[in-house]
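Participant: need a structure here:
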Amino acid sequence: MRSVLQRVSRAAVRVDGQVVGEIGEGLAVLVGVTHTDNAESVSKMARKLWNLRVFSDSEGMMNLSVSEGSSQILVISQFTLYADARKGRRPSYMGAARPDVAEPLIDHLVDELRGLGATVQTGRFRADMAVELVNDGPMTMILET
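Facilitator: So this is what the prediction gives:
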């Protein structure tokens with residue numbers, strides 16, 4: 001499982017012009033699923049997202065996790081995180097899991113995060129999504145399980 005997370009002051013996902021997921025301060029997380037992912041890798045990613053210290057404390061140090069603050073996470077499925085563009089000019093997406101495999105694992109990630117206490121909003125799987133976000137400082141990370 002591969003995730004790109006961004007600390008945001010706000011983020012939203014629109015499908016056909018309608019907001020389907022929206023958060024205030026928290027984490028916007030693009031999530032890609034590969035062929036070897038399973039319930040264990042999903043649980044590991046959920047715990048990492050919930051506990052990763054990327055928010056500033058009262059002294060301006062990144063010592064707080066989303067679990068200690070807003071608890072808001074926007075999860076957006078993103079199969080293109082497994083694009084391979086090393087050869088030629090057209091990316092290959094063979095590293096991404098098929099939708100029938102990926103969708104239940106994304107749903108499981110959302111369930112795991114909610115079980116930990118997160119307030120989770122989502123995009124819509126297989127939809128043409130317009131993602132809007134406002135980064136809260138230069139905080140973008142890539143995580144892999």
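
Participant: in stretch 122-133, what counts as buried?
Facilitator: For stretch 122-133, burial by neighbour count (16 or more other Cβ atoms under 10 Å) applies to 122, 123, 124, 129, 133. No exception for glycine: its C-beta is placed from N, CA and C like everyone else's.

Participant: a markdown table for those, including pLDDT?
Facilitator: A markdown table is the format used below for these (pLDDT from 0 to 100):
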| residue | pLDDT |
| --- | --- |
| 122 | 98 |
| 123 | 97 |
| 124 | 96 |
| 129 | 97 |
| 133 | 96 |
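
Participant: among these, which pair sits farthest apart?
Facilitator: By the measure Cβ to Cβ, 124 and 133 form the most distant pair in the buried residues of stretch 122-133, at 16.4 Å.

Participant: quick one, what contacts the spatially most central residue of the chain?
Facilitator: Nearest to the mean C-alpha position of the chain, by Cα atoms, centre = their mean, lies residue 29 at 2.1 Å. Applying Cβ atoms under 8 Å, 6 or more residues apart in numbering to residue 29 gives the contacts 3, 4, 5, 6, 49, 73, 74, 75, 76.
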